[in-house]
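> Generate a structure from the sequence data that follows.
(chains A and B)
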2 protein chains.
Amino acid sequence: MPGADTLYRASTTAPVNIAVIKYWGKRDTALNLPTNSSLSVTLSQKSLRTHTTASCSESFSGPDSLVLNGEEEDIQLSKRTQACLKHLRSLREQLESKDASLPKLSKMTLRLVSANNFPTAAGLASSAAGFAALVRAIADLYELPQSPEELSLIARQGSGSACRSLMGGFVAWRAGTKDDGSDSIAEEVAPVSHWPEMRALILVVSAEKKGVPSTAGMQTTVETSTLAKARFREIVPQRMREMEKAIQDKDFEAFARITMQDSNSFHAICLDSWPPIHYLNDVSRAAMNAVETANRKAGKLICAYTFDAGPNAVIYYLEEHTHQVAGVIKNILPHIPGWEGEFGQNVRPNEYGGLEAKVLMTLKSGISRVICTGVGGGPVKIEKHLVDEIGEAVSPGGS
Amino acid sequence: MPGADTLYRASTTAPVNIAVIKYWGKRDTALNLPTNSSLSVTLSQKSLRTHTTASCSESFSGPDSLVLNGEEEDIQLSKRTQACLKHLRSLREQLESKDASLPKLSKMTLRLVSANNFPTAAGLASSAAGFAALVRAIADLYELPQSPEELSLIARQGSGSACRSLMGGFVAWRAGTKDDGSDSIAEEVAPVSHWPEMRALILVVSAEKKGVPSTAGMQTTVETSTLAKARFREIVPQRMREMEKAIQDKDFEAFARITMQDSNSFHAICLDSWPPIHYLNDVSRAAMNAVETANRKAGKLICAYTFDAGPNAVIYYLEEHTHQVAGVIKNILPHIPGWEGEFGQNVRPNEYGGLEAKVLMTLKSGISRVICTGVGGGPVKIEKHLVDEIGEAVSPGGS
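Numbering: from 1, shown residues only, chains lettered A, B, ... in the order given. The predicted model follows:
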């Protein structure tokens, strides 16, 4: 029989995902229900991950707490975090009400500790991995029977794109049509094993003033862009079908074209918003030019750019074209951080002939680091905890 | 009775126009029929004009010729120029067939001489003023009774936007619906005298590689942009109505908002094209930021940016806000050419507080000249000829 000071812990790591069909616009801001479906590639946790430990104990007192990257966060004021915790607790309560022998974890204070293995300076939105890890860790702590799809509905309330980080490989987030959001969930379109050759090279643009935050920006677009309606209603639904087929068929050229077109479509409706929203800058456009040049040299589409709500480029390519894609970038930017690690260390620098001098100069001066990675799996339960045996947060050092 | 060596001459100057509702896309490429109506402000010929002399004589032999800025152009190969000449000759023939006493100018070789008073380096599309001057000068030479609206149909075949340079003030080009283009003509929405306080400040961005030519670019958009259809069918028709009302009401805030939104909409469908088309760069975005800053400081819209198929910004404002708009730019860029002349010389430099350091630096390093001008009238018949009494081209020096 567990005592009052019994500590319950569960830990998970969760991945970052980068959309190839973009989420931009909510039809319900409280529930994070999107105006359109989206689709992403889950990135390998060898490169980027959030590590989260959820713990609870009868001996914990006070409100639930979260330590993120060593800093105490005020989650009491975060409606999104509270929505996730409330939903997870209610699922635990259901279990406890059916089986009286279960410890009443739902009544205990939660201590959550989370750490990203990538610097905030990398300019990557960490909220997707963060909420996915949070939901997954608590679901494990509570021993919930819910599937990743069912949990995605909870993570979505924390951060829309977080729902896509609960699975690996290629993940669709179905917009759904119901007002309560019960059909707005993520599902795996294909696992990592279907197309493990997919690579992603992130070009991190040197510190730039932070642009319009995505939550505010996407609502500006919904309210003011006259072009966005066509994107939400017609263009994305058709692209989702085409993209799923491209993935099923492992048709990289179709995958690449749709990825680039959808990124451009997203930034087009940003520009069409009032006031207009700009995320792409001259460095972003130089990266687009480098991708176009590599494709022209290859005589087919061997790489694809995509941009989220910022200037960083994410370039997708297949392992077989590493030399022609990552190799060229490594030759241009050999001395910036990010080439170490499994995916990057064996990239051989390749000549960049054909690139205009101005594009070259813009890339050299504008990119501060790369992240060389690939498609990866969903959250992983691990035994390394960020809460020690007496319930104190520990440093994630080397997580 | 005129002899075989009688020389017939007529000269005109014609203005540049800058659209506030953009023309981008043809529904018929041979006839230059647009996918949507557009609306422009005719700019003062004190600043920018094309001067053209049309001449003919029985003594002239060989094919029609055009000397443009001192260089012989091969107009035999220009279908667009030939279409204009053919149309104008047929109108002259109609006159001659009705009145046998008229000299048979339609049978004579045309010598055309044309010169712009602005350098090509200014990065302004000169084809609108050029074809407007060509058509107006030949129509005067032939003493055609056609109205500017009727002539606009001819100029349109030379260069779409040229039809809007046949009138002054605020000019609409009606897209029309007929297959033969007979209803695709320009008309004056309001004369200069209706709103003479309208000013335009052009910021010419330092030499940049020429982007995608507009003729090719607009067809790429028509064929590939999934967002463009909504612009052509719904968004521009509504904006045309709103813009005409704003002009009738002299409502500068509405004029400014629609101008900026339509420029952004146009560049959005360029970005949404495949391959994507970029005309805006970081200097363009710094100019947008400066306009937004001036409007924020004023607490209302006192200026509006618009961009054609290139990075140059055109900023519209009213004379009463010269100090807050042109004054700020003059203080940032006091030493670049373009402040001389009627509109610019009396602009007093004004403090630019509130502009971010990076925006300021981008403007200082990225803009090579300004053109400070305002709304102006349509083509003017003048007695200064670019063909001398013996039919030779003369230098336009000081035209």
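
> Secondary structure class of residue A:237, three-state.
Of the three states, residue A:237 takes helix according to DSSP: H, G, I helix; E, B strand; the rest coil.

> So it is in contact with residue A:35, correct?
No. Using Cβ atoms under 8 Å, residue A:237 is not in contact with residue A:35; the gap is 11.0 Å. The way it works is simple: take the backbone N, C-alpha and C, and place the C-beta from them, glycine included.

> higher neighbour count, the two?
Using other Cβ atoms under 10 Å in any protein chain shown, the more surrounded residue of residue A:237 and residue A:35 is residue A:35, with 21 against 14.

> Give me the nearest residue to that one, chain neighbours excluded.
For residue A:35, ignoring the flanking residues on the chain, the nearest one in space by Cβ to Cβ, 6 or more residues apart in numbering or on different chains is residue A:25 at 3.6 Å.

> swap in residue A:28?
residue A:181 (6.8 Å).

> quick one, what contacts that neighbour?
Going by Cβ atoms under 8 Å, 6 or more residues apart in numbering or on different chains, residue A:181 touches A:28, A:31, A:32, A:33, A:153, A:156, A:157.

> Identify the residues contacting the second one.
Which is residue A:31. A:156, A:157, A:180, A:181, A:184.

> again, only this time at 10 Å
By Cβ atoms under 10 Å, 6 or more residues apart in numbering or on different chains, the residues touching residue A:31 are A:83, A:153, A:156, A:157, A:160, A:178, A:179, A:180, A:181, A:182, A:184.

> And the helices in the stretch 1-150 of chain A?
A:79-98, A:127-141, A:148-158 (DSSP state H, counting those that start in this stretch).

> Which residues of the stretch 251-399 of chain A lie near chain B?
A:257, A:260-278, A:280-285, A:288-289, A:292, A:295, A:305, A:356, A:358, A:362 (Cβ under 10 Å from any Cβ of the partner chain).

> Got a ChimeraX select line for the buried ones in the residues you listed?
Remark: buried members of these, expressed as a ChimeraX selection using 16 or more other Cβ atoms under 10 Å in any protein chain shown:
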select /A:257,260,261,262,263,264,265,266,267,268,269,270,271,272,273,276,277,278,280,281,282,283,284,285,288,289,292,295,305,362
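
> Mind checking which of the residues of the stretch 251-399 of chain A next to chain B are in helices?
A:257, A:260-271, A:282-285, A:288-289, A:292, A:295, A:358, A:362 (DSSP state H).

> How about the contacts made by the residue nearest to residue A:35?
A:34-36, A:160, A:175, A:217-223, A:225, A:228-229, A:231-232, A:236, A:266, A:269.

> any idea of the pLDDT on it?
Looking at residue A:25, its pLDDT is 98.

> That one and residue A:219, how far apart?
Distance check for residue A:25 against residue A:219: by Cβ to Cβ, to the nearest Å, it reads 8 Å.

> picking up where we left off before, report the buried members of the contacts of residue A:181.
The buried subset of these - by 16+ other Cβ under 10 Å - is A:31, A:32, A:33, A:153, A:156, A:157.

> got these as TSV, with pLDDT and distance to residue A:368 columns?
Shown next, in TSV, are the buried ones among the contacts of residue A:181 (pLDDT from 0 to 100; distance: Cβ to Cβ, whole Å):
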residue	pLDDT	distance to residue A:368
A:31	95	37
A:32	96	31
A:33	98	36
A:153	97	37
A:156	97	32
A:157	96	34
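
> Going by distance to chain B, which of those wins?
Taking Cβ to the nearest Cβ as the measure, chain B sits nearest to residue A:33 out of the buried ones among the contacts of residue A:181, at 22.9 Å.

> Now do the same contact list for residue A:336.
A:203, A:204, A:206, A:329, A:330, A:364, A:367, A:368, A:369, A:370.

> Could you tell me which of those residues belong to helices?
A:329, A:330, A:364.

> Format the buried ones among the contacts of residue A:181 as JSON lines; extra columns: distance to residue B:318.
JSON lines is the format used below for the buried ones among the contacts of residue A:181 (distance: Cβ to Cβ, whole Å):
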{"residue": "A:31", "distance to residue B:318": "46"}
{"residue": "A:32", "distance to residue B:318": "44"}
{"residue": "A:33", "distance to residue B:318": "44"}
{"residue": "A:153", "distance to residue B:318": "54"}
{"residue": "A:156", "distance to residue B:318": "49"}
{"residue": "A:157", "distance to residue B:318": "49"}
